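1. Dropping a prediction and its sequence here:
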There are 2 protein chains.
Amino acid sequence: MADWALRARGLRGLLLDISGVLYDSGGEEGLGSAIAGSVEAVRRIKQSGLKLRFCTNETQATRTKFVQKLQQLGFDMSEKEVIAPAPAACQILQERGLHPYLVVHDALVPEFDSVDKSNPNCVVLGDAANNFSYENLNRAFQILIGLETPILFSLGKGRYYKETDGLKLDVGVYMKALEYACDIEAEVIGKPSKAFFLSALADMNVEPHEAQ
Amino acid sequence: MADWALRARGLRGLLLDISGVLYDSGGEEGLGSAIAGSVEAVRRIKQSGLKLRFCTNETQATRTKFVQKLQQLGFDMSEKEVIAPAPAACQILQERGLHPYLVVHDALVPEFDSVDKSNPNCVVLGDAANNFSYENLNRAFQILIGLETPILFSLGKGRYYKETDGLKLDVGVYMKALEYACDIEAEVIGKPSKAFFLSALADMNVEPHEAQ
C-alpha cells in the first residue's frame, strides 16, 4: 500500500505474523525459507516510518534463536521487535509469583531460566512436540489436580501446523486435554489472546485504531 | 436387598460395574484386590435367580485376561457375562466395514486380532497409558484429518483414574484432544453410552425398566 493511503487511514503501526506469512518453517536444515517478497516488504515498511512489531506463537525455539534464523534469511528484524509467548509468559509468572511446571520443547527451556520452577503451582504448555509424552502430561495433570486453584497457561491454542513431513498436532490440542482432565479453562498467552495483541501495541505506543 | 424387595420392584436383571465397585486395581503384582463383601455379594445375586452382567470400561487388558484375574480373586464370573468396550468395538467395526488405527494398551491389541487393520479409515482410542505418545497421537490425527468423514471411537470417556502410585489420565482426555484437533465428535463405546448399557440388557434379555 502506498504511503499516502496508510496516512489517509490514520495508520501508525503494523503487526505482522511470521510463520506462514514471512517465512515457512521446516526444510532439510530446519532453517526454513523466506516467502517471496517478504524480506523486501519488511524493509519497505520500516522505511515508510510505520512502527512495526512481529507477533508470533513460535515456541519451539527461544526468541533469540528464532530471530537469528530470520536475520540469516535476510530479514531486518531485532529481538526487541518480536512479541512471542514465552517472554510474555515469564513476565506474567513473575508478576503473579507463580512457579511453573513446564511442558515445552527442549529448545524453549532456556527462555524460562530466570523463573523459579521449584514447588510448581501452575503449568505452562508450549508446542512441546515429542515432549508431549504420557509421562509429562500426566505429571502436569497431577500438579494441576493437586492445586486448590489449578492454573494452566497455554502458549497459543493452535490445533495443528504443517511441517515438511506432514501435519503436526499443536499445543491447543494438549491444552484441551488438560482442560478436560481438570475441568478448568486455560489462560492462553499468544495469539489470538487480546492481551497479547494489546501488549504488542503498547510496546510501540500505538492505539488499536491506529494499527493493523 | 432382600429377594422379596427385588421381586416387588419387578427387577429381573442387574448390571454391575467392576473396577472400584467389586475390586480395586493396582497393587504390587497388578492383581488388585476384591473389595470387602463383593465376592459374596456376586454369589448371592446369582443364587437369587436375578440375571447379571458386569459392565466395565477396562481396556488395559483383554476381556479374557481381565476375567481370569477376577476369577483368581474369587469371583464367580465368566467371560460371557462381562460387557467390555473392546469386544463391542470389534462388532461395530465389522458391522460397518471399518479398519481401525489403534491407539490402545499393548495388552489390549489381541482383542482386535480378528479385525482388518490395513488402510485404516477410523481410529480407536483405548486407555493406552504410555502408548499415548506424541508420535502415536499424531499418527492417529494424520489418519483422521486425511479422511473425508473422520471417525473416532473412544473406549470410554473417563478423565482420570487412581492407581497405587497416583492419578492417571484416562482415555477421555485424549479423545478430547483429537476431537479438538479435527473438529469432530467421537463415538463413545463403553460407559456412559446408552447403546453400551442397552447391549448389556439385550444380552440377558431384560428390558430397561426391569433392570438396575
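-> Arrived safely. Numbers count the residues shown, from 1 in each chain, chains lettered A, B, ... in the order given.
2. and A:I45, what is it in contact with?
-> Applying C-beta atoms under 8 Å, 6 or more residues apart in numbering or on different chains to A:I45 gives the contacts A:14, A:16, A:52. Yep, even glycine has a C-beta here, placed from its N, CA and C like the rest.
3. Might one say that the first one is in contact with A:L50?
-> When you say that, I think you mean A:L14. Yes. A:L14 is in contact with A:L50 according to C-beta atoms under 8 Å; the separation is 5.4 Å.
4. could you measure the residue nearest the centre of chain A against chain B, distance?
-> The centroid of chain A falls nearest to A:N57 when counting by C-alpha atoms, centre = their mean (2.5 Å). To chain B, A:N57 is 16 Å away according to C-beta to the nearest C-beta, to the nearest Å.
5. got a list of what A:L169 touches?
-> By C-beta under 8 Å, 6+ apart, the contact set of A:L169 is A:132, A:159-160, B:134, B:137-138, B:141, B:177, B:181.
6. Tell me which of those fall in strands.
-> Using DSSP state E, the subset of the contacts of A:L169 located in strands is A:Y160.
7. can you redo the contacts of A:L169 as TSV with distance to B:R63?
-> Converted to TSV, the contacts of A:L169 look like this (distance: C-beta to C-beta, whole Å):
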residue	distance to B:R63
A:F132	31
A:R159	35
A:Y160	35
B:Y134	29
B:L137	25
B:N138	29
B:F141	28
B:A177	27
B:A181	30
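8. Max pairwise distance over the contacts of A:L169: which two?
-> Farthest-apart pair in the contacts of A:L169 is A:R159 and B:Y134; separation 14.7 Å (C-beta to C-beta).
9. Contact residues of chain A facing chain B?
-> By C-beta under 8 Å from any C-beta of the partner chain, the residues of chain A that approach chain B are A:128-135, A:137-138, A:141-142, A:145, A:159-160, A:166-169, A:172-174, A:176-183.
10. again, 6 Å this time
-> Within chain A, the positions near chain B by C-beta under 6 Å from any C-beta of the partner chain are A:130, A:132, A:134, A:138, A:141-142, A:159-160, A:166-167, A:169, A:173, A:176-177, A:180-181.
11. Now a PyMOL select for only the buried ones of those residues.
-> Applying 16 or more other C-beta atoms under 10 Å in any protein chain shown to those leaves a buried subset, and the PyMOL line that selects it is:
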select buried, chain A and resi 132+134+138+141+159+160+167+169+173+176+177+180+181
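12. Include pLDDT and distance to A:Q94 when you put the contacts of A:L169 into JSON lines, please.
-> Output for the contacts of A:L169, formatted as JSON lines (pLDDT from 0 to 100; distance: C-beta to C-beta, whole Å):
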{"residue": "A:F132", "pLDDT": "98", "distance to A:Q94": "26"}
{"residue": "A:R159", "pLDDT": "97", "distance to A:Q94": "30"}
{"residue": "A:Y160", "pLDDT": "95", "distance to A:Q94": "31"}
{"residue": "B:Y134", "pLDDT": "98", "distance to A:Q94": "30"}
{"residue": "B:L137", "pLDDT": "98", "distance to A:Q94": "33"}
{"residue": "B:N138", "pLDDT": "97", "distance to A:Q94": "33"}
{"residue": "B:F141", "pLDDT": "98", "distance to A:Q94": "35"}
{"residue": "B:A177", "pLDDT": "98", "distance to A:Q94": "30"}
{"residue": "B:A181", "pLDDT": "98", "distance to A:Q94": "32"}
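13. Between the contacts of A:L169, which sits nearest A:K194?
-> For the contacts of A:L169, the residue nearest A:K194 by C-beta to C-beta is A:R159; the value is 19.8 Å.
14. ok, the closest one - contacts?
-> Taking C-beta atoms under 6 Å, 6 or more residues apart in numbering or on different chains, we find A:R159 in contact with A:170, A:172, B:181.
15. go with 8 Å
-> A:R159 makes contacts with A:169-170, A:172-173, B:180-183, as judged by C-beta under 8 Å, 6+ apart.
16. cool, and A:Y180?
-> A:Y180 makes contacts with B:159, B:172-173, B:176, as judged by C-beta under 8 Å, 6+ apart.
17. quick one: pLDDT of it?
-> On pLDDT, A:Y180 comes in at 98.
18. From A:S78, how far off is the spatially closest residue to A:E210 that is not a sequence neighbour?
-> Distance criterion C-beta to C-beta, 6 or more residues apart in numbering or on different chains; nearest residue to A:E210, sequence neighbours excluded, is A:R12 at 4.2 Å. Separation of A:R12 from A:S78 (C-beta to C-beta, to the nearest Å): 19 Å.
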